[in-house]
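# coords please:
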Amino acid sequence: MSKKDTVAIGRITGVHGIKGEIKVAPYGDLEGLAWKSVYIADKEYKIIRSRPHKGIYLVVLDGVSTRDEAGSLTGRDVSVLKEDIPEPPEDEYYYFDLIGMEVWTDDNRFLGKIINIIATGSNDVLEIKGPLGEVLVPATVEMIQEVSMERKKVTVHLLQGILPGEQ
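The predicted structure is shown next:
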């Protein structure tokens, strides 16, 4: 298994109780994810049980049966195999699919590559790093013209004031 075969779905934020249950803060919606095993620090753990609880997931891992064992995992990412993640709906994308894609304007200017996606509540924002420095582009219908997974390219239509130095 390599890092490319897995994707992080959450982070262990602490323990719950004394029998080794961990708290996993999800990086997104985990509904529809069939997670029978997870990877933590490149080690596979079978899931005995998981349940949502107040915005997090409480998870029991095979081989982790004490509070101290669970505590040693705190702060680590929890990953699953990419093949275990359901396909997104049409015209929707997972963040991990977009990170690293090139971004070009509809008038053929290279802005750079997507280095991060910021969830703001109303719409996501693409954080792009390239020849113009850091550029933040709202991921709205008006701005995103095309996403080509095959070419690893996003085409955007920029509104006035988006580029650094523009008023």
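# Correct me if wrong: G71 contacts G17.
No - contact criterion C-beta atoms under 8 Å: G71 and G17 do not qualify, at 11.6 Å. In this view, the C-beta of every residue, glycine as well, is placed from N, C-alpha and C.
# okay, those two: which has more neighbours?
For G71 and G17, the more surrounded residue by other C-beta atoms under 10 Å is G71, and the numbers stand at 15 against 10.
# so how far is the lowest-mean-pLDDT helix or strand in the chain from its chain's centroid?
Taking mean pLDDT, DSSP states H and E as the measure, the chain has helix 95-98 as its least confident helix or strand, at a mean of 88. Offset of helix 95-98 from its chain centre (C-alpha atoms, centre = their mean, to the nearest Å): 7 Å.
# Could you do stretch 101-108 as well?
22 Å.
# Any buried residues in it, and which?
M101, E102, V103, W104, T105 (16 or more other C-beta atoms under 10 Å).
# next one: stretch 38-47
Buried, per 16+ other C-beta under 10 Å, within stretch 38-47: V38, Y39, I40, Y45.
# Tell me the one of the residues you listed nearest R11?
I40 (10.1 Å; C-beta to C-beta).
# Would you mind giving both backbone torsions of that closest one?
phi -130, psi 120 (degrees, to the nearest 10).
# mind checking how far it is from I9?
11 Å (C-beta to C-beta, to the nearest Å).
# any common contacting residues for these two?
V78, S79 (C-beta atoms under 8 Å, 6 or more residues apart in numbering).
# before we move on, back to that, show me what the mean pLDDT comes to for the next helix or strand after the least confident helix or strand of the chain.
Using DSSP states H and E, the helix or strand that directly follows helix 95-98 along the chain is strand 102-105. Average pLDDT, strand 102-105: 97.
# neighbouring contacts of strand 102-105?
Under C-beta under 8 Å, 6+ apart, the answer for strand 102-105 is 110-114, 126, 128, 130, 135, 137, 152-158.
# now do 10 Å
109-114, 126, 128-130, 135, 137, 144-146, 148, 151-158, 162-163 (C-beta atoms under 10 Å, 6 or more residues apart in numbering).
# can you check stretch 30-48 too?
So stretch 30-48 is contacted by 1-3, 5-10, 12, 20-22, 24, 26, 50, 52, 57, 59-65, 72-73, 76-81, 84-87 (C-beta under 10 Å, 6+ apart).
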